[in-house]
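Trainee: Here is my input, please return the structure:
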Amino acid sequence: MHHDKIRTAMMENIITPRDDSVGAFAVHGAAGMMGTLLVAFLMNPDKAGAAGLLYGGGMDAITQLGIQCIGIFAIAAWSIVLMGATFWIIKHTIGLRVSPEEEIAGLDITEHGLVNAYSGLMPDLHKVSILDSTKAPMAVADETVGIPVMDYSEPVSGTLKKVVIVTRREKLVDLKAAMDSIAITRMTISYVEGYGAQKGQSTMYRGIELDSTLLPKLKVEIVTSIPASTIVEVARKAIYTGAVGDGKIFVYDVNNAIRVRTGEVGVSAVSSEPE
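Mentor: Predicted structure coming up:
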């Protein structure tokens, strides 16, 4: 039954496999073998004490090429035997394969909770939904399951503010520590791209100089009843460097907030949930 549902969903393009192949053999295997072979060609007599084929090494270099080939076969044999035994043991104990549903959804989402392997570095454009009849269905928001349908459009008493901080990605740890110091423990963090006054200027990201109109940024959203001025003051100290690109802080009034599970509104919806 599960397989029929999966096939039907795939035919309707509802779900698609999301895991990306890393090309392990091409990246590690082939590149490693090529590097091992090139030793016999590129040995610099001034550095290695022996000359490779491209340095006129002659028969000595050819002998070295044979040694390098033996090394490749030895490593391959060792890997095949060792990993073959390892996988055989796993197969006959805990099992090698995941369920058909997880195969279709991909291990990014089922094992790691990521929509794709590059979450945070690129937009998550696809969502995965797998129907598993062994699990209880989620409640539907209507009176039949005890969740009242209410009008939440009117403002509620109590002051709620939304603070949005856009800054450098490397400031995440400092900013989180600063928010912890004033009891802000709930926030939404997004990795975004954009620019402000620094448009057209270069910046350093992961040791690489970027010259782009879209620069990597961190976006932090906080909804709280704590005075926004307190959050802004602490956040500015945490992310300030004095250089162009420190970012911006935006403060908004929040009309209402609703906690989905309990239906609480206003300040109580963003306060700590009871144990």
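Trainee: Which neighbouring elements make contact with whichever strand or helix holds residue 217?
Mentor: Assessed by DSSP states H and E, residue 217 sits inside strand 215-224. For strand 215-224, the elements it packs on are strand 161-167, helix 172-181, strand 188-194, strand 202-205, judged by 3 or more C-beta pairs under 8 Å, 6 or more residues apart in numbering; DSSP states H and E. Backbone N, C-alpha and C define where each C-beta goes, glycine included.
Trainee: now with 6 Å?
Mentor: Applying 3 or more C-beta pairs under 6 Å, 6 or more residues apart in numbering; DSSP states H and E, one finds that strand 215-224 contacts strand 161-167, strand 188-194.
Trainee: tell me the most buried of these?
Mentor: Greatest average neighbour count among the helices and strands packed on strand 215-224 goes to strand 161-167 (a mean of 20), per mean count of other C-beta atoms under 10 Å.
Trainee: tilt between that strand and strand 215-224?
Mentor: 160 degrees (axes from the mean of the first three to the mean of the last three C-alpha atoms, to 10 degrees).
Trainee: so what strands line up beside strand 161-167?
Mentor: strand 215-224 (antiparallel), strand 248-253 (antiparallel) (DSSP bridges).
Trainee: Mean neighbour count, those: which tops it?
Mentor: Taking mean count of other C-beta under 10 Å, strand 215-224 is the most buried of the strands paired with strand 161-167, at a mean of 19.
Trainee: Let me see the mean pLDDT of that strand.
Mentor: For strand 215-224, mean pLDDT rounds to 90.
Trainee: got the angle for that strand vs helix 172-181?
Mentor: 10 degrees.
Trainee: mind saving the C-alpha coords of strand 215-224 as CSV?
Mentor: The C-alpha trace of strand 215-224 is given here as CSV (Å, rounded to 0.1, in the frame of the first residue of the first chain):
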residue,chain,number,x,y,z
LEU,A,215,26.5,39.7,0.0
PRO,A,216,25.9,36.9,2.6
LYS,A,217,23.9,38.2,5.6
LEU,A,218,22.3,37.0,8.8
LYS,A,219,18.7,37.8,9.6
VAL,A,220,17.4,37.4,13.1
GLU,A,221,13.7,38.0,14.0
ILE,A,222,12.6,38.3,17.6
VAL,A,223,9.0,38.8,18.9
THR,A,224,8.9,39.7,22.6
